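Peer 1: next come a sequence and a model predicted from it.
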Protein chains: 2
Amino acid sequence: MEGEPTLRLRVFDLNCWAIRYLSKRRQERVRLIGDTLCQEGFDLVLLQEVWSEQDYSDLKVKLSSCYPFSHYFRSGVIGSGLCVFSRFPILDTLLYQYSLNGYPYMLQHGDWFGGKSVGLVIMKISGIIFNVYITHLHAEYCRDKDSYLPHRLVQAWELAQFIRHTSKAADVVLLGGDLNMHPEDVGIRLLCGWTGLQDAFVEATDIKGCKNGCTLVPGNCFTDKSELLPFPLGIRIDYILYKAISSFTVKCEELKTTMGPAPGTDIPFSDHEAVMATLHIQRQGQPVGATLGTADPALADVVTEARTEVGVGLRAAQQQRYSSGRMAVLALLLLLLQAVAALGTLAGLGADQPFPKLSFCLLAFLALGVLVLATGLHLFHTMEVKMLHGTEDQMWMALRALQERPSEG
Amino acid sequence: MEGEPTLRLRVFDLNCWAIRYLSKRRQERVRLIGDTLCQEGFDLVLLQEVWSEQDYSDLKVKLSSCYPFSHYFRSGVIGSGLCVFSRFPILDTLLYQYSLNGYPYMLQHGDWFGGKSVGLVIMKISGIIFNVYITHLHAEYCRDKDSYLPHRLVQAWELAQFIRHTSKAADVVLLGGDLNMHPEDVGIRLLCGWTGLQDAFVEATDIKGCKNGCTLVPGNCFTDKSELLPFPLGIRIDYILYKAISSFTVKCEELKTTMGPAPGTDIPFSDHEAVMATLHIQRQGQPVGATLGTADPALADVVTEARTEVGVGLRAAQQQRYSSGRMAVLALLLLLLQAVAALGTLAGLGADQPFPKLSFCLLAFLALGVLVLATGLHLFHTMEVKMLHGTEDQMWMALRALQERPSEG
């Protein structure tokens, strides 16, 4: 079968930063993204942060001739923000919502409301089965004291597990998205190591665009410059990853990022730069066995490192569960105490003193409010503990499997 | 390869009804289940409603010699209740939480707190790869007016999709659990039609135990007799389903249910009867193509029927989203009105009249309480709408695929 024609696939990935009412010049940028996608004629377009279904519908209408197939993944309160446009038919889709995704009460970090997920789209191009995954992991708001690291690691682990378990019949696996992790971060090493996915930027023969493939750069007029102070060149958090299973090889010929303003305009597409990869897929004579990306001992170290961080998150969540539970119990005690006092007054005890009705009612409502909120928090942190604990267990099982495995990889 | 020895697999499935503080004679029954499992020596045990991790740990200790491998799936506030015990090593696991699972405010129907999920356990027995799924779908509290039907159908659909996408490398697929659906219900037809799974009860050569394979029977002292009035023989809602992929065949030699009290005792294992299947797995000479269980036109009808029900749920959820949103707006308006009144009083307007401080505060707290609760409800029903809508979309895509497919199945 050697010598079969090579399939050339051009992939576009962008975090569009299209939050209704909040993102600057959103509609203008969405129009610009649509126009460019029409002109450039990619094969596959992976977009994140398309939060408004109206924006998706507008894009769908505009792109219907050049990308006749598309899918929007619905989840969470405001949607997953994930959508895919394709020149080739989409055969099937599946959505997996991450079990942890920040906190609903952190309103200033709206991640929880987005229902962060990974979307799977299955396509058959020239007889080759593609499993295309698109995702957006929890944002990192403070790198020095990243309280969301355990949640992001649970997401990276669930992403890796989901890819492993759903891609067994695929010839080629592609993953695109905003992973909110730097290339050297433990989550990226875990994801690539545990799935065998390769980083298009690392593998590319030809690299164009921002230095080091950065996708969040100070040169972009929409980025928060203060956040990028420790990284004068910018950071790389948007990725295209790939892997060939069975008897195929994938090579990245070119990897390109946009650089600030879009050609012919004064604004960039988004606060992120787009990542564009040109991939060459070829059938091999010899089937390549499904292997993990990292040698077993090194991978075991990565899983151990990730598991330690998840453990840190677990202990923090247990502490929060305890605090909120204690607060609920205290509020309940206060309410009971008040009920006793009220009953006492009704029974005529202390009738010589005036009963402070107003303060009494205020206190009762305060106690009731605290009780409801603390109970809600307690339930939420109990779920968080369950999921962090479950992930720790799964990672332990993976470590055991890595250690027990005869050196086959 | 024909004539290879047949693998005989004995599977045990039971909804244990082990809710701490609520289920009658729980500890006694869990001990009884453990003792029986040890004596009987099944190959694979699938348990649901083991809500307490302590019960799981106790079972694990007791069963360690006869079932050395086990896994407990953690999810939700109180856990998924799902666990697996096996004579054979568990290679890998994955948990998928259903996106819809009842309502947190329906405290009397605790389903939401259980975090209903499907658990996947991968095993290799005699060189055959088994994907074993265990699940427990949302309960049906009123069959005539089943308000949870859309949620259960979303779960059945997600279960089917999860099985389809994760079982592509498996030789044999097994699913056991309490599906809370009667054999003729649309959800069962959807699940079997869309995955190709076969019902062990229907396929079994030899059937023992309760008539019609019922698992919720009036003869069980723990069942609610009033619920079973329309079904004097009982109902069948616990299943063992299976399917062979690639070059294997599975046959169900015997299907058995327990019948009320366990031998030598006065109590049954649970309010459900256990289902036990003896399966014969044999390698075939000819690989069998992966086919759907139901012919395309009939399957299209089933998907259409399910989609209609999901649509009914979607409209109900949209109505609830609207009502809760309107309630939140009204509460906000009342609060604003009160703020204006309070400011007016502070500014000296109406100083000749006594200001009703107590009633004013009570009203303000009431409005605040309604605002918080209605906003929470609005967010919840928004998510519900998103997921029902997403499922409707996916079913539509499935219908299109069924219609477009050349008659291959």
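Peer 2: That came in fine, so what should we check first?

Peer 1: C-alpha only now, for contacts and for neighbours.
Peer 2: Will do.

Peer 1: for chain B, what's its nearest residue on the stretch 251-400 of chain A.
Peer 2: residue A:383 (4.7 Å; C-alpha to the nearest C-alpha).

Peer 1: so how many other residues sit close to that residue?
Peer 2: 25 (other C-alpha atoms under 10 Å in any protein chain shown).

Peer 1: just the one 5 residues further on next, same as before
Peer 2: Using other C-alpha under 10 Å, the number of residues around residue A:388 comes to 29.

Peer 1: quickly find the element holding it.
Peer 2: helix A:357-404 (DSSP states H and E).

Peer 1: tell me what that helix is packed against?
Peer 2: Secondary-structure packing of helix A:357-404 (3 or more C-alpha pairs under 8 Å, 6 or more residues apart in numbering or on different chains; DSSP states H and E): helix A:149-166, helix A:296-346, strand B:90-97, helix B:357-404.

Peer 1: can I get those in TSV including distance to residue B:58 and mean pLDDT?
Peer 2: Listed next are the helices and strands packed on helix A:357-404 as TSV, based on distance: least, C-alpha to C-alpha, whole Å; pLDDT from 0 to 100:
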stretch	distance to residue B:58	mean pLDDT
helix A:149-166	28	96
helix A:296-346	23	93
strand B:90-97	19	92
helix B:357-404	37	90
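
Peer 1: winner for burial among these?
Peer 2: helix A:149-166 (a mean of 23; mean count of other C-alpha atoms under 10 Å in any protein chain shown).

Peer 1: the next helix or strand after that helix - contacts with which helices or strands?
Peer 2: Later in the chain than helix A:149-166, the nearest helix or strand by DSSP H and E is strand A:172-178. In terms of contacts (3+ C-alpha pairs under 8 Å, 6+ apart), strand A:172-178 is packed against strand A:7-18, strand A:44-50, strand A:128-136, strand A:238-244.

Peer 1: ok, which of those comes nearest chain B?
Peer 2: strand A:128-136 (10.5 Å).

Peer 1: any part of that closest one near chain B?
Peer 2: No - counting by C-alpha under 8 Å from any C-alpha of the partner chain, chain B has no neighbours in strand A:128-136; the shortest distance is 10.5 Å.

Peer 1: stretch A:60-68 too?
Peer 2: No - applying C-alpha under 8 Å from any C-alpha, one finds stretch A:60-68 separated from chain B by no less than 14.4 Å.

Peer 1: and that stretch, end to end?
Peer 2: 8 Å (C-alpha to C-alpha, to the nearest Å).

Peer 1: give me the mean pLDDT for it.
Peer 2: In this model, stretch A:60-68 carries a mean pLDDT of 95.

Peer 1: find the centremost residue of chain A, please.
Peer 2: Central residue of chain A (C-alpha atoms, centre = their mean): residue A:137, 1.6 Å from the mean position.

Peer 1: for that residue, give its distance to residue A:403.
Peer 2: 29 Å.

Peer 1: same check on residue A:310?
Peer 2: Relative to residue A:403, and taking C-alpha to C-alpha, residue A:310 is found at 20 Å.

Peer 1: contact partners for whichever residue of the stretch 101-250 of chain A sits closest to chain B?
Peer 2: In the stretch 101-250 of chain A, the residue found nearest to chain B is residue A:166; the distance is 4.6 Å by C-alpha to the nearest C-alpha. Residues counted as contacts of residue A:166 (C-alpha atoms under 8 Å, 6 or more residues apart in numbering or on different chains) are B:165, B:166, B:167, B:168.

Peer 1: on that earlier part again, CSV for the helices and strands packed on strand A:172-178, including mean pLDDT, mean neighbour count and distance to residue A:302?
Peer 2: Putting those into CSV (pLDDT from 0 to 100; neighbours: other C-alpha atoms under 10 Å in any protein chain shown; distance: least, C-alpha to C-alpha, whole Å) gives the following:
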stretch, mean pLDDT, mean neighbour count, distance to residue A:302
strand A:7-18, 95, 22, 27
strand A:44-50, 96, 23, 28
strand A:128-136, 96, 23, 22
strand A:238-244, 96, 25, 18
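
Peer 1: ok, the nearest residue to residue A:357 once chain neighbours are set aside to residue A:342 distance?
Peer 2: Excluding the flanking residues, the one nearest residue A:357 by C-alpha to C-alpha, 6 or more residues apart in numbering or on different chains is residue B:358, at 7.2 Å. Distance, residue B:358 to residue A:342, using C-alpha to C-alpha: 16 Å.

Peer 1: correct me, but the residue of the stretch 251-400 of chain A closest to chain B touches residue B:76?
Peer 2: Yes - Residue A:383 lies in contact with residue B:76 (C-alpha atoms under 8 Å); the separation is 5.2 Å.

Peer 1: around chain B, which positions in chain A sit nearby?
Peer 2: So chain A meets chain B at A:73-79, A:91-94, A:96-97, A:99, A:161-162, A:165-169, A:357-358, A:361-362, A:365, A:369, A:379-380, A:382-383, A:386-387, A:389-390, A:394, A:397-398, A:401 (C-alpha under 8 Å from any C-alpha).

Peer 1: one more pass at 7 Å, please.
Peer 2: A:74-77, A:165-166, A:168-169, A:358, A:365, A:379, A:382-383, A:386-387, A:390 (C-alpha under 7 Å from any C-alpha of the partner chain).

Peer 1: state the pair within the residues you listed that is farthest apart.
Peer 2: Pairwise distances among the residues of chain A next to chain B were taken by C-alpha to C-alpha; the largest, 68.6 Å, belongs to A:169 and A:358.
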